[in-house]
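Peer 1: Fold the following and give me the result.
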Amino acid sequence: MPKEILMPALAAGMEEGHLVRWLKTEGEAVKRGDLLAEIETDKAVMEMEAEDEGRLGPILIGDGSRGVAVGTLIASILAEGETAPARVASVASVASAPAVAAPAAVAVPSSAPSTPAPSTPAPSARAPVASVAPAPSLAARAPSIAALVAARKVVASPLARRLADDFGVDLSTLTGSGPRGRIVRIDVEKARHQPVAPVAPRLSPAAPRLGTGSGQGGLNHAWLRQGEGRPLVLVHGFGSELNGWRPFLAGGAVSRPVLGIDLPGHGGSAGHGAARFEALVAAVGETLQGLGLFDFDLVAHSLGAAVAVALAAEGYPDVRSLFLLAPAGLGPDINGAFVSGLARARTAESLAPWLGELVADPAVLTPAFVRASAAARADDALVAAQQRLAGALFPDGTQAFSVRTELEQLRIPVTVVAGTEDKIIPPGHVRRLPGMVGLHLFAGVGHMPQMEIRDEVWRLLERHLRAAG
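Peer 2: Numbers count the residues shown, from 1 in each chain. Alright, predicted model coming up:
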């Protein structure tokens, strides 16, 4: 008997979801644990796994369908030689599709009752299709079908959707200025008739100067190197700070200006109140805009890498390329014990074991590095802020945000560097990246490739920047 695939409840209180895309095609072999589809909730894009083996039967709810109620039959898994029974998708499921080719394509059962053939299996009690009988006539449904055909699919970034909800802006009335017409933050702010943050003039090649400060977004930053040409912007991971890039920078000759930014709740930005992932993205973007940076390459690690992807996807002007180290945001799993332990640690003795989880060989971490990391965590406000961030971004050992879809849609050079011995984020998260992304997966390397294999990472970064122009 076919094994039904229903729209899952991926979060507490979830009533409906957005079926972003199928990762398997009809008729394709499926094993238990295979990734079937990407489902977007109001918090994140998550992957749905197969619970049975066989082959994927007819897909009833297609890519891009929104408002699909939890429990809706979306497909089935068939055993060898098995065929799917004839079924009619529920009216709610049909309405969730982004477009309808023609009214004739919508299956409308006759309003007269009929007796099913004896061989037709009875619908499952869990399947919502039982609610469609008896169905309304075609004439009665004509207005809703016309509305479906005329409906415009709204493509907007998660941050833009969140702001639109906050400001009461109807996204369907906006024209997106982001990649491929995507609605981004600036479009929502313009529609709200509020002035957008002023655009500072572009920096001349010699403009960056060593020093620290804060941009309009209130984030601490420092020019770590002077130079000429397009700047490099460095964004650190959870629990680190901009000074954590200094050992890496010491291993390479940098001719460009290099800017480091402290994420909210980290380093000199400990007092910044951002807690949601979207707020981190907005704060980094506003800081860069306040500095007049509109043409740069992003180098980012872990949580910072996820922020960098989201920033580029927002259509921020002239993010030329992304160089991502052990990126977060590509799957739900994360080492929750590490996150909470690091967020609590305050002394060298309590911090050292958690820092050891970052690398495949703890000998890479010198006592001086551990002492410096502990000294940076002597600030009560910083520790409290990171504990809040840990609870908001990584609840119950889960990454409550995703940038996989955004990464797949980018059309700029992207390089990813990761290690097979990463104990923080499963290495498997980077194995299913788009073919246009350059992936370098190193054996015997953990979550800190920029520290564990610094020379190799520098060579890859130099090659990446040459390719990016």
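Peer 1: residue closest to the middle of this structure?
Peer 2: Per CA atoms, centre = their mean, the C-alpha nearest to the average position across the chain is that of residue 403, at 1.5 Å.
Peer 1: That residue against residue 310, yeah?
Peer 2: Yes - using CB atoms under 8 Å, residue 403 is in contact with residue 310, at 5.3 Å. Bear in mind the C-beta positions are built from the backbone N, C-alpha and C, glycine included.
Peer 1: which residues do those two both contact?
Peer 2: residue 329 (CB atoms under 8 Å, 6 or more residues apart in numbering).
Peer 1: OK, contacts around the nearest residue to residue 468 once chain neighbours are set aside?
Peer 2: For residue 468, ignoring the flanking residues on the chain, the nearest one in space by CB to CB, 6 or more residues apart in numbering is residue 321 at 3.7 Å. The contact partners of residue 321, taken as CB under 8 Å, 6+ apart, are 297-298, 412-415, 464-465, 467-468.
Peer 1: let's see 10 Å
Peer 2: The neighbours of residue 321, taking CB atoms under 10 Å, 6 or more residues apart in numbering as the test, are 230, 232, 296-299, 312, 410, 412-415, 464-465, 467-469.
Peer 1: Any stretches of the stretch 1-150 of the chain with poor pLDDT?
Peer 2: Counting by pLDDT under 70, the stretch 1-150 of the chain contains low-confidence residues at 10-13, 42-45, 85-150.
Peer 1: Revised request: answer the last question for the stretch 201-350 of the chain.
Peer 2: Along the stretch 201-350 of the chain, the model assigns pLDDT under 70 to residues 201-217, 316-317.
Peer 1: If we use 90, what do you get?
Peer 2: Residue ranges of the stretch 201-350 of the chain with pLDDT under 90: 201-218, 250-255, 271-275, 286, 289-295, 313-319, 346.
Peer 1: quick one, strands of it?
Peer 2: Here the stretch 201-350 of the chain has its strands, by DSSP state E, counting those that start in this stretch, at 211-214, 220-225, 232-235, 258-261, 296-301, 319-325.
Peer 1: want to try TSV for those, with distance to residue 34 as columns?
Peer 2: Shown next, in TSV, are those (distance: least, CB to CB, whole Å):
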stretch	distance to residue 34
strand 211-214	47
strand 220-225	43
strand 232-235	33
strand 258-261	39
strand 296-301	30
strand 319-325	26
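Peer 1: can you tell which of those is closest to residue 4?
Peer 2: Distance to residue 4, taken as CB to CB, is lowest for strand 319-325 among the strands of the stretch 201-350 of the chain, at 37.8 Å.
Peer 1: Check which residues of the closest one are buried.
Peer 2: 319, 321-325 (16 or more other CB atoms under 10 Å).
Peer 1: Same question for stretch 460-469.
Peer 2: If you call a residue buried by 16+ other CB under 10 Å, then stretch 460-469 has these buried ones: 460-461, 464-465, 468.
Peer 1: Now for the closest residue to residue 373 other than its chain neighbours, how many residues are close by?
Peer 2: Spatial nearest neighbour of residue 373, excluding adjacent residues (CB to CB, 6+ apart): residue 351 at 5.9 Å. By other CB atoms under 10 Å, 21 other residues sit near residue 351.
Peer 1: Against which helices or strands is the helix or strand residue 351 falls within packed?
Peer 2: Per DSSP states H and E: residue 351 is located in helix 348-356. For helix 348-356, the elements it packs on are helix 336-344, helix 367-376, judged by 3 or more CB pairs under 10 Å, 6 or more residues apart in numbering; DSSP states H and E.
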